[in-house]
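Colleague: I need the structure of the sequence given here:
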Amino acid sequence: MRLKALTIAVGLGLLAVSLLGAARMLDGDNKTDPAPTANTASNGGSGVTVLGVVHSEAGEIPLGPPTVSAVLAVQRLLVDEGKSVAVDEPLVQFDDMLFRHKIAQAKAECAAAQEDLFKANAAKAIHVFTLAGAQLALETSEHDLKEAREALVIGKDQFERVLASQRDITPGKPYTEADKAQARRDNLELRKAEVMIVNLAAKAQGDRLKLEALKLTPIDADVRAATAKIERLNATVAEAEAAVNACVLRAKVPGVVEQIHAAPGQVFGPASRTPVLWLIPAGKRIIRAEVEPEFASRIADKEGRKVTITDGSNFTLHYDGIIRRVGTSFLPKRSQLDTLLTTSTKALECVIDVADPAPAGKPPLRVGQPVRVLIP
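Modeller: Below you'll find the predicted structure:
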């Protein structure tokens, strides 16, 4: 009987201790933050607890494939996941052979265009001398024509004086006009002179037309065409070289490489929805918390207020933060921007600066980690 009574007493004592411990645990949970079953929860008079996610201040960067081609194949990976990279450090090399061929072709065509430009400039220089020669030929032809005409006038005057002094075979009878006209027609020297003047006039006209044609020759057009072709080909080379550079995916900011989705031989294009990799920028960490409309009025004047941040799954881990700003508009939640929902829940975004995301003795707050923020 004593043993039975002792057993019952011990059992009742253990039950009482268990109930007391359970009551204290429940009481302790009520004194801390409530479970994250909703986006925002109220702590009564002790403040407001909101749910949020840790972000890099610069924003997480999904790096897609280069946009220089419809599709590109991955040639090789230059980094591993978890590696810290510096600005402009190469991450992934895509196949750039097509663009290198384009550079070689454009450079070859550019060399040929340089030869065309050299020939065009030489032709332009020669054209100056050709033009000067044509000008001199015209001046010579016009001078010869002028001299021939003056000589004909002189010859005719002399011949007329001779005719005026001549007498017919009939004694004392001068030449009639008919006799003089016939004598003029029969004078071979005068006729030769007139024919020569006609030929010289034709030659002068031909030289004049040749000079005008040379003046109208678009000799600069070949130079301009060759120059324009060279400029176009140089632009093609520059464009292809830029494409070659773009085929190397580089870090735009310092950070850590995460989730590499690429493999050698894998093809990416405009329709690819999965990024090649994620780059998590180094630097300051912030929390973007989403406040439901019914609690927005309680944090309206909280900018600059210190807050307590707890791990979303371990409420015993506390971190310090300061509210940087409270949004001015109710907008769709960031988590819903990439969904196909036609109606999205709107919230007021609150940005919180994390004082130290990796304090001594505590695990660091990581980008993408869900947290709870107690705003007093």
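
Colleague: is Q158 in a helix, a strand, or coil?
Modeller: What DSSP: H, G, I helix; E, B strand; the rest coil gives for Q158 is helix.

Colleague: for it, give its distance to H261.
Modeller: Q158 sits 109 Å away from H261, going by CB to CB, to the nearest Å. Every C-beta, even on glycine, is put in place using the N, C-alpha and C of the backbone.

Colleague: same check on A360?
Modeller: A360 sits 35 Å away from H261, going by CB to CB.

Colleague: which one of the two is surrounded by more residues?
Modeller: The neighbour comparison of A360 against H261 (other CB atoms under 10 Å) goes to H261, with 15 against 5.

Colleague: right, and the helix or strand after the one helix or strand in the chain whose mean pLDDT sits lowest?
Modeller: Every helix and strand of the chain was ranked by mean pLDDT, DSSP states H and E. The lowest is strand 40-42, at a mean of 47. Once strand 40-42 ends, the next helix or strand along the chain (criterion: DSSP states H and E) is strand 48-56.

Colleague: other SSEs contacting that following strand?
Modeller: Helices and strands touching strand 48-56, by 3 or more CB pairs under 8 Å, 6 or more residues apart in numbering; DSSP states H and E, are strand 40-42, strand 285-291, strand 346-354, strand 370-375.

Colleague: that strand: partners in the sheet, and parallel or antiparallel?
Modeller: Next to strand 48-56 in the sheet, as set by DSSP bridges, lie strand 40-42 (antiparallel), strand 285-291 (antiparallel), strand 370-375 (antiparallel).

Colleague: please identify the buried residues of the helix or strand just after that strand?
Modeller: Per DSSP H and E, the first helix or strand lying C-terminal to strand 48-56 is strand 61-63. For strand 61-63, the neighbour count (16 or more other CB atoms under 10 Å) marks 61, 63 as buried.

Colleague: would you list every one of the helices in this protein?
Modeller: For the chain, the helices defined by DSSP state H cover 2-31, 97-165, 177-186, 188-216, 219-246.

Colleague: what's the angle between the longest one and helix 177-186?
Modeller: Computed by axes from the mean of the first three to the mean of the last three CA atoms, to 10 degrees, the angle separating helix 97-165 from helix 177-186 equals 140 degrees.

Colleague: run the chain-centre distance for helix 97-165.
Modeller: How far helix 97-165 lies from its chain's middle: 48 Å, per CA atoms, centre = their mean, to the nearest Å.

Colleague: which strands or helices does that helix pack on?
Modeller: Using 3+ CB pairs under 8 Å, 6+ apart as the contact definition, the elements that helix 97-165 packs against are helix 177-186, helix 188-216, helix 219-246.

Colleague: isn't R184 right next to A178, touching?
Modeller: No - assessed by CB atoms under 8 Å, R184 is found out of contact with A178, at 10.8 Å.
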